[in-house]
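[1] got a predicted structure plus its sequence, pasted below:
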Amino acid sequence: MPETNSGKAVSKVQLAVLWAIFFMFVNLSNESMIQLLTPTMEEEFGITKAQASLIVTVAAVIASVGGTVYATLTDVFSMRQLLLFGVAAFNAGTLVGFAVQDSFPALVAARVLQCAGGISVPGCFVVLVTRYLDPGERMKYLAFSSTLYFFGNGLGSFLGAAISNAANWGYALLLPTVTLLAAPSFWKHLPREKGSGAPLDLAGALLAAAGIASAILSIALRIGYGFLAAALAIAWYLARMRRKSRPFLDLSLLRRRGFRLALLCAVTILGAQACVMFLLPFIAKYVYGLGLFDTGLLLVSAYLPALAAGIALGKALNRLGRRRLFLLGWALLFASLAALALTMEAPLVLTGLVLFVFAVSNPFLYTGLIDELTAQLPPDKLGSGMGVFYLAMGGGHAAAISVASVLLTNGVFGGGSFPLGDGMQINEYSRLLFLLAAYSLIGLLLFVRVTGGKAAAESAADRGMTENHPL
């Protein structure tokens, strides 16, 4: 492993890290743009909300499997090789998607290639900063990357709407090609280390991908036999995993109580956030009657101040500690979900303020969760552990979005609205938001459990191992 404590080496890696953050920012903007365009695709292609959600769900499925693969591969290939491959695949999928924009099935297929490349940097990022940066710098970059999450979403919505208003919405699909600018820095500044040469369990990766994809698509498309396919794929994987010395997923990590609880907490909290992001374009269109441009303007105007607030709070995050970080972030998340549900059809200024609070919760939640997860892992299991995290997180995202889309498609929370006063209504979206707020309570209970008792002792022991490990 190369030296990283010298000023020159660190500055080179930091340049690559900044370009990696740029790549993630563009990827987030692209995902937000696709989410914003989902109602338009629903109308243009004559499909249901559940079918239209596939264009978003496929990203979550690929993120879960792809993030796992990339994180695991950091122990096999160099970071430089992985990120350069990701840039190439991301842009190839982008260009193919633009070429086949008149066909929804072909567009979904192109998204598979695009998302397979797009998840490369997020999949490697935690390992990248943990491996090459000192603890103080690591926390700063994790917090900074998380502040970009919602602004990237907001800016993507705004740009997608602006491009769609000026020309055909298909031209918005070309936005990700700007990530080609990151390739020279990845080539020049990332360490030219050699991989371990350890074999990758490709068959296991395919079985894991087939299992989670079948389960999520079964929910989205209401295909009952898909659950049978998922069960068979998972059972087959578990059977062959026992015979492998280096399985694709090191599920033995789940025996660690602290890691298991922290993982479930992350799946719950981040899944609830992803579901809200999916719902916002539908709320903007069907509740407020906003067009694409106005929706994008609303989101970017709420998320830009959140970005500034997150950056301003960057130094304070180091002093709060992971427990207080998470608890503050959860309080902001819960309050924003309840407020958004209660202020449906309220003046847009009030809605913008609620979305600002929702966005500000993210750097607290994400930094606290990642810090807890990595503290639960010994240094030699960092890549494998984050691989399990990305698989679980992507599956949680996709499941939450798929369930929400099916509930909306079937009108489960329908039955009309009732007024609260001043034009505010409780409608099906309000009920869904209340459900997500209640769902986030599970995450709170899990985090409180993981930071107390035996789990806290395990976390402290692992944290000592990590701090003593030479980065």
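    That came through fine.
[2] check which element follows the lengthiest helix in the chain along the chain.
    In the chain, taking DSSP state H as the definition, the longest helix is helix 7-45. Later in the chain than helix 7-45, the nearest helix or strand by DSSP states H and E is helix 49-52.
[3] just checking, His397 touches Ala63?
    Yes: with contacts counted by CB atoms under 8 Å, His397 reaches Ala63, the gap being 6.9 Å. Glycine gets a C-beta too; all of them are placed from N, C-alpha and C.
[4] sorry, back to before: next, the buried residues of the longest helix of the chain.
    Under the neighbour-count criterion of 16 or more other CB atoms under 10 Å, helix 7-45 has 10, 12-14, 16-17, 19-42 buried.
[5] stretch 365-382 too?
    365-377, 379, 381-382.
[6] select from the residues you listed every entry located in helices.
    365-375, 382.
[7] just the closest of the residues you listed to Leu444, please.
    Closest approach between those and Leu444, by CB to CB: Leu365, at 10.5 Å.
[8] show me the shaky parts of the stretch 151-300 of the chain.
    Within the stretch 151-300 of the chain, the segments meeting pLDDT under 70 span 153, 157, 160, 164-169, 193-201, 212-213, 216-224, 244-246, 248.
[9] can you show me the helices along it?
    183-189, 202-221, 225-241, 257-286, 292-312 (DSSP state H, counting those that start in this stretch).
[10] can you check which of these gets nearest to Met393?
    helix 257-286 (5.6 Å).
[11] from the contact counts, what lies against that closest one?
    Helix 257-286 is packed against helix 7-45, helix 292-312, helix 322-342, helix 348-375, helix 382-409, helix 428-450, helix 453-468, with contacts defined by 3 or more CB pairs under 8 Å, 6 or more residues apart in numbering; DSSP states H and E.
[12] can you list the domains in this protein?
    Per the record, the chain has its domains at 7-200+248-468, 201-247, by automatic domain parsing.
[13] highest average neighbour count across those?
    Most buried of the domains of the chain, by mean neighbour count (mean count of other CB atoms under 10 Å): domain 7-200+248-468, with a mean of 20.
[14] chain center to that domain, what's the gap?
    2 Å (CA atoms, centre = their mean, to the nearest Å).
[15] now do stretch 247-255
    In terms of CA atoms, centre = their mean, the centre of stretch 247-255 is found 21 Å from the chain centre.
[16] am I right that Ala210 is in contact with Ala229?
    Yes: using CB under 8 Å, Ala210 is in contact with Ala229, at 7.2 Å.
[17] anything in contact with each of these two?
    Shared contacts of Ala210 and Ala229, defined by CB atoms under 8 Å, 6 or more residues apart in numbering, are absent.
[18] tell me the contacts of Ile47?
    Ile47 neighbours (CB under 8 Å, 6+ apart): 41, 104.
[19] hmm, back to that, among the ones in helices among the buried residues of stretch 365-382, which one lies nearest to Ala205?
    Nearest member of those to Ala205, counting by CB to CB, is Leu382, at 18.7 Å.
[20] residue contacts, the closest one?
    Contacts of Leu382 by CB under 8 Å, 6+ apart are 127, 130-131, 374.
[21] show me the two of those that sit farthest apart.
    Arg131 and Thr374 (10.9 Å).
[22] now the closest residue to Leu391 other than its chain neighbours: which helix or strand?
    Counting by CB to CB, 6 or more residues apart in numbering, Thr68 is the residue found nearest to Leu391 once chain neighbours are left out, at 4.1 Å. Assessed by DSSP H and E, Thr68 sits inside helix 54-73.
[23] ok, then the element right after that helix?
    With DSSP H and E, the next secondary element past helix 54-73 is helix 79-99.
[24] next SSE after that next one?
    helix 104-118.
[25] for that next one, name the packing helices and strands.
    When contacts are defined as 3+ CB pairs under 8 Å, 6+ apart, helix 104-118 sits against helix 7-45, helix 54-73, helix 79-99.
[26] contacts for that helix next, please.
    With contacts defined as CB under 8 Å, 6+ apart, helix 104-118 is touched by 27, 30-31, 34, 41, 45, 47, 54-55, 58-59, 62-63, 66, 85-94, 96-97, 99-101, 176.
[27] measure Tyr141 to Val267 for me?
    As for Tyr141, its distance to Val267 is 23 Å (criterion: CB to CB, to the nearest Å).
[28] go on, Leu280?
    From Leu280 across to Val267, the span is 21 Å (CB to CB).
[29] repeat for Val26
    As for Val26, its distance to Val267 is 26 Å (criterion: CB to CB).
[30] and the pLDDT for the nearest residue to Ile283 once chain neighbours are set aside?
    Nearest residue to Ile283 in three dimensions, chain neighbours excluded: Tyr429, at 5.1 Å (CB to CB, 6+ apart). In this model, Tyr429 is scored at 83, pLDDT.
[31] Tyr429 and Val287 touch, don't they?
    Yes: counting by CB under 8 Å, Tyr429 touches Val287, with 6.1 Å between them.
[32] which residues do those two both contact?
    Met344.
[33] pretty sure Phe227 is touching Ser214, no?
    Yes: Phe227 is within contact range of Ser214, at 7.3 Å (criterion: CB under 8 Å).
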